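> Next one to model:
(2 chains)
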Amino acid sequence: MTFQTVMDPDRLAAFVDGELSPEEAAEVVMHLADHPGDQAYVDDLMAANAALSQAFDAPLHEPAPEHIRETIMGPVEVNKVVPFRRRPVAMAGAGLALAATVALAAVILPQMQEGSSDNVLALGPVAQNTALDRVLGILPSGTPKTLESGKEIMIMATLPVEGGFCREVEVIDDAADRLDFGIACHNTDGWTVEVTLSEPLSSADTEDGFVTASSAEMQSLQPFLNRLGAGTPLDAEAEADAIAQGWSR
Amino acid sequence: MSNQFKKDLVDLVPRLRRFALSLAGNQADADDLVQSACVKALKNEAQFRPGTRMDSWMYRIIQTLWIDDRRRAKTRGTMVDAEDAGLSDGGRAARLPEDRMMLDQAKTAMSGLEENQRTVLSLVAIEGLSYKETADVLDLPIGTVMSRLSRARAALLPQLGMMKGPMQ
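Here you go, the predicted structure:
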């Protein structure tokens, strides 16, 4: 159906595109109230903008491809491989749902808090739009990312828990010779770092470029995850789904 | 070479890939485009004025490279990968069938637009640039941006199952 708008269609388009001043936009809004045909055209323009934006937004949810990243930053030097920790097998098998989620801070072991005052992985709610918030929100597991501070961060795994998701995250601070590990869980207010532990990077045993997973600290997290009812870590596809859906279940 | 410049460029990559995807119609060509643009940007870092918008500068490089590529391959036509034209994100972005259909239609409709209209529509409707910013990126008068935008939408809306819009 082709029709004639009452108002100049370019002005209606400018309204949709946010090009008008507040006063001009208010005039258009008043006009639309009395002209349903123009309102329908505006609705179509808005729907088209939304469809276009959504149709091409997949790259926003993906990390930069390695070959493009290397084009910009240069190849990763072997001696700079970050010794991220390999997930313990026992944790990967955690699947027994126990009691309802409890106040997680209550189960944090004293030794886990020691030395965990790092400003990247601080216990408590994660402020929105911070680097950690973005990493937890969109970074796939197993993809190292360099923060502005020079620290390296990587999501180790995403775990389904009762009512939501938790993500294991590790931060390597070469300058401070420090490795921080934490578990952050998503709730209606966003992400909260529920537990952290730290150790000197130089004391960590490495194997094939990873820190071995047999440390007592790591194993001590098992009861904590059981309390959450943590299931088997999500595979890449399921994790991508969770990211795309904004971590809603 | 400034390390900060490189980091800023890496941070921009997701948006550059989105813009390139909207132009090229498939992710493989889009990534080639982004990679070439990054090479060019690194080579011409001295031309970038600190304090100005790097995204606009990069959009311009990508658009220029894409136009050059289109001129070289004039007879090839726009390659729209079947997977990309459908749902490059595996359908995660659209859960309802009607949403998926709309996204399919949006991609197909974009690939059918004239190149200069597609570029303007992408910068305004997808990248969220103002008309003035779009005009600056493309080195065009605002009036030309608006007229290309108008023609692009007149062609696009019917393909999205919407009304044909106002008579021009």
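
> just checking, what packs against the strand or helix carrying A:Ile183?
Applying DSSP states H and E as the criterion places A:Ile183 in strand A:178-187. Here strand A:178-187 touches helix A:131-138, strand A:164-173, strand A:190-200, helix A:222-228, going by 3 or more CB pairs under 8 Å, 6 or more residues apart in numbering or on different chains; DSSP states H and E. Every residue, glycine included, has its C-beta placed from N, CA and C.

> run the last query once more with 10 Å
Counting contacts by 3 or more CB pairs under 10 Å, 6 or more residues apart in numbering or on different chains; DSSP states H and E, strand A:178-187 is packed against helix A:131-138, strand A:152-161, strand A:164-173, strand A:190-200, helix A:222-228.

> Report all helices and strands that the helix or strand hosting B:Ala106 contacts.
Assigned by DSSP H and E, B:Ala106 falls within helix B:97-112. Other helices and strands packing on helix B:97-112, by 3+ CB pairs under 10 Å, 6+ apart, are helix A:36-55, helix B:3-24, helix B:82-87, helix B:115-121, helix B:142-159.

> lowest average confidence, helix or strand, in chain B?
helix B:82-87 (a mean of 43; mean pLDDT, DSSP states H and E).

> who does the strand holding A:Ile183 pair up with?
Using DSSP bridges, strand A:178-187 pairs in its sheet with strand A:164-173 (antiparallel), strand A:190-200 (antiparallel).

> Show the average pLDDT along that strand.
In this model, strand A:178-187 has a mean pLDDT of 84.

> send the alpha carbons of it over as PDB?
This file holds the C-alpha atoms of strand A:178-187, laid out as PDB (Å, rounded to 0.1, in the frame of the first residue of the first chain):
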ATOM      1  CA  ARG A 178      49.600 -12.900  41.300                       C
ATOM      2  CA  LEU A 179      46.800 -15.200  40.200                       C
ATOM      3  CA  ASP A 180      43.200 -14.500  41.300                       C
ATOM      4  CA  PHE A 181      40.400 -17.000  40.800                       C
ATOM      5  CA  GLY A 182      36.800 -16.200  41.500                       C
ATOM      6  CA  ILE A 183      33.200 -17.300  40.900                       C
ATOM      7  CA  ALA A 184      30.700 -14.700  39.900                       C
ATOM      8  CA  CYS A 185      27.000 -15.400  39.800                       C
ATOM      9  CA  HIS A 186      24.200 -13.500  37.900                       C
ATOM     10  CA  ASN A 187      21.100 -12.300  39.500                       C
END
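
> Please tell me how far the spatially most central residue of chain B sits from chain A.
Taking CA atoms, centre = their mean as the criterion, B:Phe19 is the residue nearest the geometric centre of chain B, at 3.4 Å. According to CB to the nearest CB, to the nearest Å, B:Phe19 stands 8 Å off from chain A.
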